[in-house]
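> Output the structure for:
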Amino acid sequence: MVAHFLFAAFPDEDEGRLTKLRSAVVSTRALAAMARKLGVTDELELGRGLDRERLSSSVLADAVEALIGAAYLDSGGVDAVTGPILWGLADAIEAALSRGSRNYKSRLQEHTQQLYKRPPSYVVLEEQGPDHRKEFLVAVRLDDDELGRGRGPSKKLAEQAAAHDALARLDE
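This is a model prediction of the structure:
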């Protein structure tokens, strides 16, 4: 699901970079953070000797994977769980994008600052879905000119996708 989102959001990106990005996002650390974000630790039935406050990241990641699997089976498929998964991993995706050359917002800002002496602005055009399955459509603009558009499960990720679209268009 994460790979599909990344491919759809950044269609011109090199496959190797997308694979590295996906592996950084779908990690024990990111899944454990998602478990904490969802409050999974409060719902787990623990055996003797396990302390809710000291659960390892691997236990939390396993619990989230089990929860995703149960939701998938119970709800009837991928469509029901994709939104919540992307919402839960949005911070990890944003962090992975912000590292290195994949920070499209920074690259676009450097480009517009250099050429036009001002940064672009981002505008949310659409916001759809319930809180746990939001999808945002964002446009990046320079004055009245739209440079690009992007979708994502958070405003930040939609902005990154819009900046990527803008950079691709500027390269053309």
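> Residues contacting stretch 58-77, please?
28-29, 31-32, 34-36, 38, 40-41, 44, 78, 80-81, 84-85, 88 (C-beta atoms under 8 Å, 6 or more residues apart in numbering). In short, each C-beta sits where N, CA and C put it, glycine included.
> Now, of those residues, which are buried?
28, 31-32, 34-35, 38, 40-41, 81, 84-85, 88 (16 or more other C-beta atoms under 10 Å).
> Return the member of those residues nearest to residue 172.
Using C-beta to C-beta, residue 85 comes nearest to residue 172 of the buried ones among the contacts of stretch 58-77, at 32.7 Å.
> Return the helix or strand hosting residue 139 as PDB; C-alpha atoms alone will do.
Assessed by DSSP states H and E, residue 139 sits inside strand 135-142. Extracted C-alpha coordinates of strand 135-142, given in PDB (Å, rounded to 0.1, in the frame of the first residue of the first chain):
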ATOM      1  CA  GLU A 135      -7.000  12.700   1.500                       C
ATOM      2  CA  PHE A 136      -5.700  16.200   0.600                       C
ATOM      3  CA  LEU A 137      -5.300  17.700  -2.900                       C
ATOM      4  CA  VAL A 138      -2.800  20.600  -2.800                       C
ATOM      5  CA  ALA A 139      -1.700  23.100  -5.400                       C
ATOM      6  CA  VAL A 140       1.700  24.800  -5.300                       C
ATOM      7  CA  ARG A 141       1.600  28.300  -6.700                       C
ATOM      8  CA  LEU A 142       3.900  31.200  -7.500                       C
END
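> Which elements pack onto it?
Applying 3 or more C-beta pairs under 8 Å, 6 or more residues apart in numbering; DSSP states H and E, we find strand 135-142 packed against helix 104-116, strand 121-128, strand 145-152, helix 155-171.
> could you check the angle strand 145-152 makes with it?
If you take axes from the mean of the first three to the mean of the last three C-alpha atoms, to 10 degrees, strand 135-142 sits at 160 degrees to strand 145-152.
> Between helix 155-171 and strand 135-142, find me the angle.
Counting by the same axes, to 10 degrees, strand 135-142 lies at 50 degrees to helix 155-171.
> For strand 135-142, give the mean pLDDT please.
The average pLDDT within strand 135-142 is 96.
> partner strands of that strand, parallel or antiparallel?
Note on strand 135-142: by DSSP bridges, its sheet partners are strand 121-128 (antiparallel), strand 145-152 (antiparallel).
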